[in-house]
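S.K.: Provide a 3D model corresponding to the input given below.
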Amino acid sequence: MENYIVVNQCLFVKMPKELDHHETDRIRSDMDGYFITHPIRHVAFDFSETEFIDSSGIGLIMGRYEKLHVAGGKIFVMGVIPSIRRVLAMSGVTRLVYIKESERDVFASIQ
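M.R.: Numbers count the residues shown, from 1 in each chain. Alright, predicted model coming up:
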């Protein structure tokens with residue numbers, strides 16, 4: 001999977017091994033480009049290779065949620081390991097996003 005793929009108005013984003021402020025700045029900028037050039041309604045973050053996330057990663061997810069929620073869009077996170085899931089839960093993100101196991105589960109939710 002490439003780092004960014006758009007399918008059925010859903011932007012799939014492959015997250016890096018370490019999601020810190022340097023990476024979130026790059027990802028945010030890349031995603032903004034996709035929002036300009038594609039009709040994005042949903043975002044699915046793939047955390048299958050991510051081992052670390054800091055507060056800037058939480059901010060990235062929250063910012064995308066705020067951007068899409070007003071238009072009825074959804075945010076999905078998938079492939080989350082237990083330690084990352086705990087960070088997402090402690091920050092309150094899991095109350096706002098849909099946790100899915102795979103792309104197939106995301107596709108089923110946006111059909």
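
S.K.: longest helix in this structure, please.
M.R.: Scanning the chain for the longest helix, with DSSP state H as the assignment, gives helix 21-37.

S.K.: any idea which helix or strand comes after it?
M.R.: Using DSSP states H and E, the helix or strand that follows helix 21-37 in sequence is strand 42-46.

S.K.: now do the next helix or strand after that following strand: distance to the chain's middle.
M.R.: Downstream of strand 42-46, the first helix or strand assigned by DSSP H and E is strand 52-53. For strand 52-53, the separation from the chain centroid amounts to 13 Å (computed by C-alpha atoms, centre = their mean, to the nearest Å).

S.K.: check stretch 94-111 too.
M.R.: How far stretch 94-111 lies from its chain's middle: 10 Å, per C-alpha atoms, centre = their mean.

S.K.: how long is that stretch end to end?
M.R.: One end of stretch 94-111 sits 22 Å from the other (C-alpha to C-alpha, to the nearest Å).

S.K.: now stretch 83-100
M.R.: Across stretch 83-100, the terminal residues are separated by 16 Å (C-alpha to C-alpha).

S.K.: name the residues of that stretch that are buried.
M.R.: Neighbour counts over stretch 83-100 (16 or more other C-beta atoms under 10 Å) mark 84, 87-88, 91, 93-94, 97-100 as buried. (Glycine included, C-beta is placed from N, CA and C.)

S.K.: what does it contact?
M.R.: 44, 47, 50-51, 53, 55, 58, 61-62, 65, 69, 74-78, 80, 106, 109 (C-beta atoms under 8 Å, 6 or more residues apart in numbering).

S.K.: just the buried members of those?
M.R.: Counted by 16+ other C-beta under 10 Å, the contacts of stretch 83-100 give 44, 47, 50, 53, 58, 61-62, 65, 74-78, 80, 106 as buried.

S.K.: contact partners for I53?
M.R.: 19, 47, 84, 87-88.

S.K.: leaving out chain neighbours, which residue sits closest to E101?
M.R.: Leaving aside its chain neighbours, E101 sits nearest to M78 (6.3 Å; criterion: C-beta to C-beta, 6 or more residues apart in numbering).
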